[in-house]
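J.: A predicted structure for the sequence below; I have some questions about it.
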Amino acid sequence: MKGSYWLQSGTAWALSLSAISSLVAGWGTAVRAQTQLSDIQGVWANRCITSLAERRIINGYPDGTFRPNASVTRAEFATMLGSAFPTQNASNSSKSYGDVSRGFWAYPAIQQAAQSGFLTGYPDGSFRPAQNIPRVQVLVALANGLNYRVPANSDSVLTRNYDDADAVPSYANGAIAAATAQRIVVNYPEVKRLDPNRNATRAEVAAFLCQALKEPTQTALVPASYIVGGAFQNDIFLNAGETIPVKYTASDRILVTPTETVDLTLTTTSNVKTADGVTIIPAGSQIEGVLKPQSGGSQFVAQTLRIDGESYPISASSAVVSRVRNTRDINLISLARNSAIGAGVAAGISGLAGDRTITAEKVLAGAATGAAIETNRGRPALSILRDTAIGAVLGAGVSGVVGDRTITPQKVISGAAAGATIGGAIDRPKLNRVVVIEPNTDLTLNLNERLVVAQR
């Protein structure tokens, strides 16, 4: 049959998903492909609607209209998703909904949208295909289906960008924050008013899709004044695979156990630029993440990039550091000088100096790192204790820190902040291995996913 709209299965005939998408174009009514729509002139999303119509992602009605202010049903949106993202990965398992029969016109599209992670049903097992879809559901669907990373500071992303942030349903907080970070949220006419629970219009759904489909080098099809985060800035991108040089400013090296997890903040050492020479990450920016066990060593996994007070989600990691030293290695003491020491190492090694003098180090504990403290190897114990603070945990565990057991810690830093640890030569090492990290070379980051940053 011309156009290959029908597929034969045994003796039965069925519409293919691509044919359905071509015939109904995601709106669930008898429509026709049109690029000249009579009612979108002067509409704020005009360019976006025209672009999607030219790509057969959306179409007008038989009378030549688009009806930009009309609502969109969940079935119509599911079919539109199939047209916009036909190659999105889908699971092999079909989804069963009590109110969507196999003969329903949008059944294939609903199946694809559900299997691809865009849409889900309701707790009662229904899909409610005829229900108008609210804006929050459209944005959550796109964030989930496109696997957007949820920012670590979701609540602050919402309150910073939306005057009605408290209207966002709790289940949607992370997804809306992720969609916001990816600059796909479009609010017309008030950019700071999300109206999450209002039914989405056809023009609004088109705008969301234009933003989600936008390529890095493509000019925005939606006016920047209505894009959340886009009124005074243009997006710039750094592709996956790019490297980010970093350093750890608090010490020369880091010592952790092979099983230790530590929160860490690194600093970029030079400007990181896009392919066309635009600086996307200035030197001196901070990258927060976790130093965690990996394959017998340690690996830094980045989570948040901070530039001039703004936060951006980042997916990047270092190579696995597998440089391991035995705790009985005579060179370990010299390696420990001016090193940041993980709490596990500090707790397991109470004596770092064989000559029974005190060495003051830095401890990495929990979410905070201790302040830089110069190694005091060889200094008299009383002098060191007068100007040294130790972590609260270590302070509780070390009652005497010198060989004659006459000196006790006098300053203890409590709470999340970790200070320095003072180790005497009282006990023998209790650890077998220590991972030695040279942060300025070992922790160079490699981007795992495209990084999107706003340029002011």
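T.: Cool, the structure landed.

J.: now the helices for the stretch 251-400 of the chain?
T.: 332-336, 343-348, 381-386, 392-397 (DSSP state H, counting those that start in this stretch).

J.: let me fix that: the stretch 1-150 of the chain
T.: Under DSSP H, counting those that start in this stretch, the stretch 1-150 of the chain gives helices at 17-24, 46-54, 74-84, 107-115, 135-145.

J.: and those helices, which is most packed in?
T.: With neighbours defined as mean count of other Cβ atoms under 10 Å, these peak in mean count at helix 74-84, which reaches a mean of 26. Glycine gets a C-beta too; all of them are placed from N, C-alpha and C.

J.: mean confidence (pLDDT) on that helix, please.
T.: For helix 74-84, the mean per-residue pLDDT is 96.

J.: of all the helices of the stretch 1-150 of the chain, which one comes closest to residue 222?
T.: Closest to residue 222 of these is helix 46-54 (Cβ to Cβ; 5.3 Å).

J.: list of residues touching that closest one?
T.: 33-35, 37, 40, 43, 58-60, 66, 68, 84, 203, 206-207, 209-210, 221-222 (Cβ atoms under 8 Å, 6 or more residues apart in numbering).

J.: now residue 286. Nearest residue, chain neighbours left out?
T.: Nearest non-adjacent residue to residue 286, counting by Cβ to Cβ, 6 or more residues apart in numbering: residue 306, 4.5 Å away.

J.: if the one you found is in a bridge, with which residues?
T.: residue 286, residue 311 (DSSP bridges).

J.: burial measure for residue 186, as a count.
T.: By other Cβ atoms under 10 Å, the residues close to residue 186 number 27.

J.: hang on, residue 237 in a strand?
T.: Yes: counting by DSSP: H, G, I helix; E, B strand; the rest coil, residue 237 is located in a strand.

J.: so what sits opposite it in the bridge?
T.: Counting by DSSP bridges, residue 237 is bridged to residue 452.

J.: between the helix or strand where residue 212 lies and helix 135-145, how many degrees?
T.: Element membership for residue 212 (DSSP states H and E) is helix 202-213. On the basis of axes from the mean of the first three to the mean of the last three Cα atoms, to 10 degrees, helix 202-213 is oriented at 20 degrees to helix 135-145.

J.: identify all contacting residues around helix 202-213.
T.: Residues from elsewhere that reach helix 202-213 (Cβ under 8 Å, 6+ apart): 27, 43-45, 48-49, 51-52, 57-58, 66-72, 77, 80, 84, 133, 135, 138-139, 142, 146, 182-186, 188, 200, 220-222, 226-227.

J.: output the helices of the stretch 1-150 of the chain as JSON lines; include the columns distance to residue 236.
T.: Formatted as JSON lines, the helices of the stretch 1-150 of the chain follow (distance: least, Cβ to Cβ, whole Å):
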{"stretch": "helix 17-24", "distance to residue 236": "33"}
{"stretch": "helix 46-54", "distance to residue 236": "21"}
{"stretch": "helix 74-84", "distance to residue 236": "24"}
{"stretch": "helix 107-115", "distance to residue 236": "31"}
{"stretch": "helix 135-145", "distance to residue 236": "21"}
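
J.: those: which one's closest to residue 257?
T.: Short answer: helix 135-145, nearest of the helices of the stretch 1-150 of the chain by Cβ to Cβ, at 37.1 Å.

J.: contacts made by the closest one with the rest, please.
T.: Residues from elsewhere that reach helix 135-145 (Cβ under 8 Å, 6+ apart): 72, 74, 77, 81, 85, 88, 113, 116-119, 148, 168-169, 172, 175-176, 178-179, 182, 184-185, 194-200, 204-205, 208-209, 212.

J.: ok, then the element right after that helix?
T.: helix 154-161.

J.: so for that next one, mean pLDDT?
T.: Averaged across helix 154-161, pLDDT comes to 89.

J.: do the same with stretch 125-137
T.: For stretch 125-137, mean pLDDT rounds to 97.

J.: now the end-to-end length of that stretch.
T.: Stretch 125-137 has an end-to-end distance of 17 Å (Cα to Cα, to the nearest Å).

J.: mind listing what's buried in it?
T.: 127-129, 131-137 (16 or more other Cβ atoms under 10 Å).

J.: of the residues you listed, which is the nearest to residue 264?
T.: Residue 264 lies nearest to residue 136 out of the buried residues of stretch 125-137, by Cβ to Cβ, at 35.3 Å.

J.: ranges for the strands of the stretch 251-400 of the chain?
T.: With DSSP state E, counting those that start in this stretch as the criterion, the stretch 251-400 of the chain has strands at 253-256, 262-268, 272-273, 279-281, 286-294, 297-307, 310-317, 324-326, 339-342, 359-365, 368-369, 390-391.

J.: what's the angle between the longest one and strand 262-268?
T.: When the same axes, to 10 degrees is applied, the directions of strand 297-307 and strand 262-268 differ by 50 degrees.

J.: in strand 297-307, which residues are buried?
T.: Counting neighbours by 16+ other Cβ under 10 Å, one finds that the buried residues in strand 297-307 are 297-305, 307.

J.: turn those into TSV, including pLDDT and distance to residue 164.
T.: TSV is the format used below for these (pLDDT from 0 to 100; distance: Cβ to Cβ, whole Å):
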residue	pLDDT	distance to residue 164
297	92	47
298	93	43
299	94	41
300	94	38
301	92	34
302	92	32
303	90	28
304	91	25
305	92	27
307	88	27
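
J.: among those, which two are most distant?
T.: Greatest spatial distance among the buried residues of strand 297-307 (Cβ to Cβ): 297 and 307, at 29.7 Å.

J.: tell me where the model's unsure across the protein.
T.: Across the chain, residues meeting the criterion (pLDDT under 70) sit at 1-35, 90-92, 215-219, 230-235, 330, 332-431, 454-456.

J.: returning to that earlier point: closest to residue 262 among the buried residues of strand 297-307?
T.: Nearest to residue 262 among the buried residues of strand 297-307 is residue 298, at 8.6 Å by Cβ to Cβ.

J.: does that closest one touch residue 437 like I think?
T.: Yes: counting by Cβ atoms under 8 Å, residue 298 does reach residue 437; the two are 6.3 Å apart.

J.: perfect, I'm done here.
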